[in-house]
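>>> structure, please.
(2 chains)
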Amino acid sequence: MSTSANGQPGPVTRRRRVDPETLARLGVRLDSEDATVASRNDQDRLRRALLALLLMRDVWLLAMLMLAGDIGAALGTSPVGVGFAAVLHVMLAPAIAFAGAARVRRADLRLMVLLGGSLVGGLLLVLTAVAPGSGTLMLLGLAMAIALGPLDSLAVPMLAELDDGEAASSTVVAHAWGHRLGGGATALVVTGLLTGPLGLTWRAAVALLAVVGLAVSAWGATVIWPAARSLKDPSAGGDGGDGGDGDDAGALHGFERVRQVMLIASARRAVTGFGLIGLFGAPYVVYVLAVLERDLGLAFATRGLVLGLFVLVGAGGAVVVALRMPQSAAHAATSGRLVAFSALTLLLAPVVGGNVGMVLPGVAGAFVLASGAIVAARAIVAVAPQASRPMALAMAALFMGPVGVLGGLLLVSSIDRRFGPGAALATCAGPAWLIARTAAALAAHLDHDIERSSASQRDEAELVVRKRTGQHVPMLTCHGVDFSYGQLQVLFGVDFSVDDGEIVALLGTNGAGKSTLLRVISGLGLPSSGRVHFGGSDITYLDAERRVMRGITQIPGGRAVFGPMSVVDNLRVFGHAVGRDPAALERGIDATFTAFPRLHERRNQLASTLSGGEQQMLALGKALIIKPRLLLIDELSLGLAPIIVGQLLDMVREINGQGTAVVLVEQSVNVALSLVDHAYFMEKGAIRFDGRAADLLDRRDLLRSVFLEGADQGVAGS
Amino acid sequence: MMARPRPGRLAGLLVSSALLASCGGQTLQRASGLQFQTLGDEALAQPVTLSWDVDAALQARVDAGEIIFGVFVDRSPLPPGGSLRDLADDDCRNRVVTCPDAEWLADRRVFATRGAALQVSGLGDRRTSKRDNEPDRHRAVVVLLDSTGTRVDESYWDVTFLIDRTAP
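Residues are numbered from 1 along each chain as shown, chains lettered A, B, ... in the order given. Purely as a prediction, here's the structure:
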């Protein structure tokens, strides 16, 4: 018992809160001095609890797989029914994981989902032990897929966030997969022992595993529940925030995160690599069991024991290799070589035959499975942005389950029919070889992507500091933007910024990438590298329509109107695009007609029948209705008479005068420089000049290279 | 004054109670009253004789007419509570008044017997790859049926055996 300040016995105070560092790594902002007790022990306990939940999940899933035959005979379930349930599980669990990763973004909620899923999973297993028939069992199995589906994709990123730095978080991933695979192997061995030598029924085995799992989950609850409460409790300094997403309006939605992850080369390789792991893993497990049964005649329980031992030795080796190599790229390179060697070993299965011929491929297969998974998961954790890791791992689960597992079984079963299970097992050497190639490719690119990821995080941190310390932050910033159309790269490390209320000209040669840069800013194009910030938030991967809601509007080049619609309907469409209320919309339309009386005269005329100048006026009306914070105008003057251009420029000045910042892409330097003080000049996809418009006129090296010869006279004369 | 129960312990108590109560009606130990006689590792010629030893307690139930053995070869057994009558389709019911009779069931590799041996013939080739060296493996499952042909519980005993496919 502890003693209070006045010397009287006081209540025992248990450490229930997670330390501030942990909260910060989980993406929670810490503003309060009263954060909580700083203790490394809390962090270790949380890590152990998450690992324990992962372990139990795989114990349960593999145990049910191993008991399927026993259950089938006891309950008279047909193999077709068991297979159907397994396929449903394989499809459903990743889908639930995906939905969970997309919807559950707050760290405290993630912890609660993990804990709740684990406890519900345990209770479902209790119900499974007393299920009256196979129909109920199937429903319980599907409920189990829903409860446990998100566990992996949510727990592994949280584990990684508990340790700072690439090496530490990679090691945690190895631990996580070690626990998962260890759990699987334990399940195989334990169920084999329980239903074999110990002679228990499947119900007794399931009940035993349920009780153990519930005990583990209950212990986990004593750690995870307070951690989640601490994250939610504002007095603990946490706001349950969105893992560093900033304000919720700027938080990426599910498919925006998918896009973000898949644009990182290493993450893309790792996520799709999980498809190969499924393509290899499912046939490996099925055909090891098939060889053990059909060729070697081993009993059901013995098969589980043997496969469990294979996994313990093979996967254990992979985990040891991963733990000894804290650098992801070096580990991927070594694993690639070892997996390639293991792939060759798999070919021994049909050649050698018998017990000896089974052991080597059996262990090698488990090594391939574990190595591939650890390399790919480490890569994802190393390069994917923190808040997008759950989504990346959920995508990996989708690739591994519905794509890899089902595809693998379909592919190899045809080999089995023709040449037998040994040959089917040897066929797994193909996917194993591809896993080795993927690991080698990751080894070659990981360091580069990790560096880019780190640089991006540094930029983010710098931006946060600038905002907090009241330093100037431009309204729009593009930093190091690369963009490619397929294999053709057109933007190269573009840095570009616009201040609030500023009007900027973006000039350059034909094909320099000016319009492409506007597409990147408005969200019509996604950069392969670099970041776009708007209003202090990262909008690099935000959908284009959400950028409109945040105040970015683009008037594309050419005639940016809906030709088959009338003038007034065009204006209404602009308004409805941002959900304006009817009164505000009517005011915007009136403002447009006041600014451009000719549009009022043609209000019921089809837009396609307007002249070029009138169509540009109509397009500019969009800005008057939406009143954006940033207006991107592409080629306003192209093909128009000077008098019309003058009217349009007057309107651009007026729009700017109302507080809207404007980026004007122009071929005509006369037009652009008559309007702006700040100009950028692009050539061959890169910014060649950033400065005062007047200074650009002195850069004859740039101006001479294009169409702008004589521009200085033009501007001087204007 | 009563001690306030802790939520964790209470939950544990509830789960354990539920588990014990529910499993009370179930057998936790695998049934042991029957043991197949070893068929050996050699492939057998058809007809194959499956035989088993029965302990005294089980034999007493058989002798009392309480149970008979249902043997299912290369197919899933009935679920507990399921009856042999459930196997009959409409065609069978329309054709034979006593359907399903022993002949109809045997065609579907289902047998009901009070004895401890059974002769099985006409088993099809189950090899998937048709390789010469792949054994043709079959599985028989014995369950307990009551006198009306209804499976009485979840207990089962199974055996696998090989059929010789080298003979012309």
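>>> the strand or helix carrying A:Leu507 packs against which elements?
Take DSSP states H and E as the rule and A:Leu507 turns out to sit in strand A:503-508. Using 3 or more C-beta pairs under 8 Å, 6 or more residues apart in numbering or on different chains; DSSP states H and E as the contact test, the elements touching strand A:503-508 are helix A:514-522, strand A:661-666, helix A:669-673, strand A:678-683. Every residue, glycine included, has its C-beta placed from N, CA and C.
>>> hmm, 6 Å instead?
strand A:661-666, helix A:669-673, strand A:678-683 (3 or more C-beta pairs under 6 Å, 6 or more residues apart in numbering or on different chains; DSSP states H and E).
>>> out of the ones you listed, which is closest to chain B?
strand A:661-666 (56.6 Å; C-beta to the nearest C-beta).
>>> what's the angle between the closest one and strand A:503-508?
Going by axes from the mean of the first three to the mean of the last three C-alpha atoms, to 10 degrees, strand A:661-666 is angled at 30 degrees with respect to strand A:503-508.
>>> C-alpha coordinates for the top strand by length along chain B, CSV please?
The strand that spans the most residues within chain B, counting by DSSP state E, is strand B:151-163. In CSV, the C-alpha atoms belonging to strand B:151-163 read as follows (Å, rounded to 0.1, in the frame of the first residue of the first chain):
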residue,chain,number,x,y,z
ARG,B,151,-27.2,-40.8,-35.2
VAL,B,152,-27.1,-40.5,-31.4
ASP,B,153,-24.1,-38.3,-30.6
GLU,B,154,-20.9,-36.8,-32.0
SER,B,155,-18.6,-39.8,-31.3
TYR,B,156,-16.9,-41.3,-34.4
TRP,B,157,-14.1,-43.6,-35.3
ASP,B,158,-12.3,-43.5,-38.6
VAL,B,159,-9.8,-45.5,-40.5
THR,B,160,-8.0,-45.1,-43.8
PHE,B,161,-7.1,-47.9,-46.1
LEU,B,162,-5.5,-48.4,-49.5
ILE,B,163,-7.0,-50.2,-52.5
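>>> what about the strands in the chain?
The chain I'm using is chain A. Taking DSSP E as the test, the strands found in chain A are A:476-485, A:488-498, A:503-508, A:529-534, A:537-538, A:552-555, A:630-634, A:661-666, A:678-683, A:686-692.
>>> wait, chain B
Under DSSP E, chain B gives strands at B:34-36, B:48-54, B:67-73, B:110-113, B:117-120, B:136-146, B:151-163.
>>> put the alpha carbons of the fourth one into CSV.
As requested, the backbone C-alpha atoms of strand B:110-113 are provided in CSV (Å, rounded to 0.1, in the frame of the first residue of the first chain):
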residue,chain,number,x,y,z
VAL,B,110,-23.5,-46.2,-46.3
PHE,B,111,-24.0,-49.3,-44.1
ALA,B,112,-25.8,-50.1,-40.9
THR,B,113,-24.8,-53.1,-38.9
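>>> and the longest strand of chain B, what does it pack onto?
So strand B:151-163, by 3+ C-beta pairs under 6 Å, 6+ apart, packs with strand B:136-146.
>>> quick one: strands adjacent to the strand it packs on?
Within its sheet, strand B:136-146 is paired with strand B:67-73 (antiparallel), strand B:151-163 (antiparallel), according to DSSP bridges.
>>> I'd like the distance between the residue in the stretch 151-300 of chain A that chain B sits nearest to and B:Leu50.
Per C-beta to the nearest C-beta, A:Ala204 is where the stretch 151-300 of chain A lies closest to chain B, at 3.8 Å. As judged by C-beta to C-beta, to the nearest Å, A:Ala204 and B:Leu50 stand 28 Å apart.
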